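> Provided below for reference: sequence and predicted model.
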Amino acid sequence: MPLHRKILIGFAAGAAAGLTLHGLFPTAPEGLTLFLDYAAEPLGRLFLRLLLMAVLPLVVSSLILGVAEMGDAAKLGRVALKTLGFTLLITGISVLTGLVAVNVFRPGDGFPTEVREAMLKTGKLPAMPAGDGVNFAQRLLALVPDNPVKAAATGDFLGVMFFSMLFGLGLIRVEKEKAKPLLRLLESVNEASMAFIHLVMRMAPLGVGALVLNLTARFGFGLLRQLLGYALVVVGALAFHQFVTYSFFVRTLGGLSPRLFFKRIQEAMLTAFGTSSSSATLPVSMRVGEETLGLPREISRFVLTVGASANQNGTALYEGVTALFLAQCFGVALTLPQQGTVLLLAILGGVGTAGVPGGSLPMLMAILASVGVPPEGVLLILGVDRFLDMCRTVLNVSGDLLIAVLVSRSEGEALHPVAPTD
Ligand code: ASP
């Protein structure tokens, strides 16, 4: 049985078991809490951590190799520019889709004030974005790490990427003979990381199932009900972007049938949904990109690694919708220029958000503050955030694969799938 089907079964079984448990024991007796705390949650987290563990060697080796393999700097510049162009264009469309939806359906209008106040009191606020009060130039400067090891140790993947890309550029300029040993070493690191991922993915059905069981058994559908209108707008807009906009680009510029595209990337989409983390899914999307979609290696390595951090359509859409929804809840009327600010910030948010569960919350709070909505408002949506996180991460990951297809095609490359799945 193919892996993606097993993951799907794991997911469905986890959700069914979790919802049943929640239905039977809505107040979560001690036995259930113990089971969740000591079995389901650690098992799910183990899977997540194992995937994340492989990310650092994979990102460093893939990017350096990707850049070095692209060889001449002209091709690299072209691929990088195209990646950036597609990212901004498609992210822009995603935020616009969300903003139109939230303006049409207005799920935040008439949100009961008592419920709002009660919800504001119950939660704990996530940490505000670090380095607040730092100006834009300093923020940009912070992308360049002064110490790559520190960047790696603190999980600053953008910094690690920046270092790896420049290091790869340096390597291009080194004499072929001298560059070879390092390239071979990195090749081994890369292969070993991929082989490691293959192993870890064997526990994906179990890991994804455990993650989903843990969430549904704890929260059920209860929280969703209160925020149903908002959640529906987010999920509807995400679905539209995924199945209409992505399909359009896949068909017109990618020359691939959308059905085939989504079928081939299923494994990556399911892992994204289960883990809520683009970074953790990166190893899987790289395998899917190279093997199942048959993308040229140097392009897919480059686009997917950069995209995992910098191309987050789902996150950008979600940030736009949520900012406007909370403005509606708090009765703050946003003018068109203010909505324009939300649009721009959400696009930047998609670029600058860390690909980890809940990575967008700090950015969301910054967006809220900049248009005059109380940042505490995020407390209102925290309850449904995990579910929406799962959904938006699917778009973040499939968006990276989409751009990898588009860039490959525009470079005149044919796709050579290795493992036929259709
Ligand atoms: N969980 C998302 C991701 O990893 C980021 C976010 O929107 O919170 O792509």
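That came in fine, so what should we check first?
> I figured V397 hits T281, correct?
Yes. Taking CB atoms under 8 Å as the definition, V397 is a contact partner of T281 at 5.0 Å. All C-beta atoms are positioned from the backbone trio N, CA, C, and that covers glycine.
> who touches both of the two?
Between them, V397 and T281 share the neighbouring residues 268, 271-272, 308, with contact defined by CB atoms under 8 Å, 6 or more residues apart in numbering.
> rewinding a little: neighbour count for V397 and T281, which is higher?
Of the pair V397 and T281, V397 is the one with more neighbours under other CB atoms under 10 Å, namely 34 against 30.
> quick check: which element contains that one?
In this structure, V397 is located in helix 378-410 according to DSSP states H and E.
> V250: neighbour count?
Based on other CB under 10 Å, the number of other residues close to V250 is 23.
> check contacts around it.
V250 makes contact with 256-258, 261, 402, 405 under the criterion CB under 8 Å, 6+ apart.
> what of N396?
Taking CB under 8 Å, 6+ apart as the definition of contact, the neighbours of N396 are 272, 278, 308, 311-315, 355.
> report the entries of these that also contact the ligand.
Of the residues in those, proximity to the ligand by CB under 6 Å from any ligand atom holds for 278, 312, 315, 355.
> got a pLDDT number for the third one?
The model reports T315 with a pLDDT of 94.
> nearest spatial neighbour of it, skipping sequence neighbours?
When the adjacent residues along the chain are set aside, T315 lies closest to S360, with 4.7 Å between them (CB to CB, 6 or more residues apart in numbering).
> need phi/psi at the one you found.
The phi and psi torsions at S360 (degrees, to the nearest 10) take the values phi -90, psi -10.
> need the residues of the chain near the ligand, please.
On the criterion CB under 6 Å from any ligand atom, the ligand has as its neighbours in the chain the residues 276-278, 312, 315, 353, 355-360, 389, 392-393, 396.
> on that earlier part again, mind checking which of the contacts of N396 are in helices?
In helices, defined here by DSSP state H, the members of the contacts of N396 are 272, 278, 308, 313-315.
> can you get me a residue count around the residue nearest to V405 when sequence neighbours are not counted?
In space, not counting the residues next to it along the chain, V405 is nearest to G254; the distance is 4.4 Å by CB to CB, 6+ apart. Other residues near G254 number 24, with proximity taken as other CB under 10 Å.
> please verify my assumption that G254 contacts A404.
No. Applying CB under 8 Å, one finds G254 not in contact with A404, separated by 9.7 Å.
> tally up the residues packed near L415, please.
The tally of other residues near L415 (other CB under 10 Å) stands at 17.
> likewise D37?
11.
> could you do A179 as well?
One way to gauge burial is a neighbour count; for A179, by other CB under 10 Å, it gives 15.
> just use 295 as the starting number from now, easier for me
Got it, the first residue is 295 from now on, which makes the last one we talked about A473.
> let me know the helix or strand that the closest residue to it other than its chain neighbours is in.
In space, A473 comes closest to L465 once its chain neighbours are excluded; the distance is 5.3 Å by CB to CB, 6+ apart. For L465, the host element (DSSP H and E) is helix 451-466.
> cool, A322 as well?
Take DSSP H and E as the rule and A322 turns out to sit in neither a helix nor a strand.
> that one against R512, yeah?
Yes. A322 is within contact range of R512, at 7.0 Å (criterion: CB under 8 Å).
> name the nearest residue to the residue of the stretch 445-594 of the chain found nearest the ligand, ignoring sequence neighbours.
Of the stretch 445-594 of the chain, the residue with the smallest distance to the ligand, taken as CB to the nearest ligand atom, is S572 at 3.5 Å. Take S572 and drop its neighbours on the chain: the residue closest to it by CB to CB, 6+ apart is G649, 3.3 Å away.
> just the pLDDT for the one you found.
The predicted structure scores G649 at 79 on the pLDDT scale.
> what do you get for G417?
61.
> likewise for A660?
78.
> V409 too?
The per-residue pLDDT reported for V409 equals 68.
> re earlier: which residues do A322 and R512 both contact?
When contacts are counted by CB under 8 Å, 6+ apart, A322 and R512 are jointly contacted by L330.
> output the below-cut-off pLDDT ranges for the stretch 595-716 of the chain.
Per-residue confidence of the stretch 595-716 of the chain (counting by pLDDT under 70) places the weak regions at 712-716.
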